[in-house]
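Participant: sequence-free structure coming up:
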């Protein structure tokens with residue numbers, strides 16, 4: 001087998017092992033939201049286990065261990081006046097529950113850097129061993145002498161991690177509830193982290209009185 005063939009096989013194995021990608025949070029608008037709260041002020045429903053639904057299962061487990069419920073919410077303003085996201089709070093059994101900042105959340109659930117060669121070392125050793133078996137081959141250009149496909153893919157994976165973390169941060173900030181305005185009869189979607197130990201099936205949304213005016217859509 002030629003060296004290029006070995007590189008191709010190793011590349012397929014490595015890329016396949018790193019193929020799972022997080023889905024975009026833009027998909028929350030297309031999810032099915034169960035019937036929920038409905039009154040003269042708000043329509044409110046939510047979906048739990050958001051990270052699991054966007055292929056971030058490991059981070060969903062972290063949130064569970066920290067008693068943080070990461071939910072997507074669907075809110076509809078049933079009044080004739082706009083409501084700002086900062087007016088919205090959440091309660092369970094009449095008691096206000098704590099929410100977490102999405103920027104803080106993005107930092108906590110980002111993909112961590114890791115000593116990459118610990119993961120790629122077996123592939124590196126295989127590649128090195130196979131290439132050593134070709135030491136007697138004539139290679140006038142020495143194109144494989146200092147190049148390891150494993151190193152190149154490890155660097156590519158780390159770059160993907162950085163880009164994914166940046167995307168995660170931007171999406172969570174963009175979906176922060178306090179950045180939203182609820183215009184009458186228009187659904188608004190957001191990602192909210194609820195800090196609560198226990199079941200949140202009775203979660204309700206409430207609106208506080210505004211000390212400002214929203215004058216422009």
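Facilitator: Received, thanks. Quick caveat: nothing in here was measured; it's all calculated off a predicted structure. Numbers count the residues shown, from 1 in each chain.
Participant: Following element in sequence after the strand ranked longest in the chain, please.
Facilitator: Identified as the longest strand of the chain according to DSSP state E is strand 68-77. Downstream of strand 68-77, the next assigned helix or strand under DSSP states H and E is strand 83-84.
Participant: Run me through the strand neighbours of that following strand, direction for each.
Facilitator: strand 181-182 (antiparallel) (DSSP bridges).
Participant: Please enumerate residues in contact with the partner strand?
Facilitator: 75-77, 82-85, 88, 188, 214, 217 (CB atoms under 8 Å, 6 or more residues apart in numbering). All C-beta atoms are positioned from the backbone trio N, CA, C, and that covers glycine.
Participant: returning to that earlier point: so what secondary structure elements neighbour the longest strand of the chain?
Facilitator: strand 42-47, helix 50-53, helix 57-65, strand 181-182, strand 188-195 (3 or more CB pairs under 8 Å, 6 or more residues apart in numbering; DSSP states H and E).
Participant: Nearest approach to residue 99 belongs to which of the ones you listed?
Facilitator: Residue 99 lies closest, by CB to CB, to one member of the helices and strands packed on strand 68-77: strand 188-195, at 5.8 Å.
Participant: Now do that closest one: which elements does it pack against?
Facilitator: strand 68-77, strand 98-100, helix 102-109.
Participant: and the angle for that strand with helix 57-65?
Facilitator: 60 degrees (axes from the mean of the first three to the mean of the last three CA atoms, to 10 degrees).
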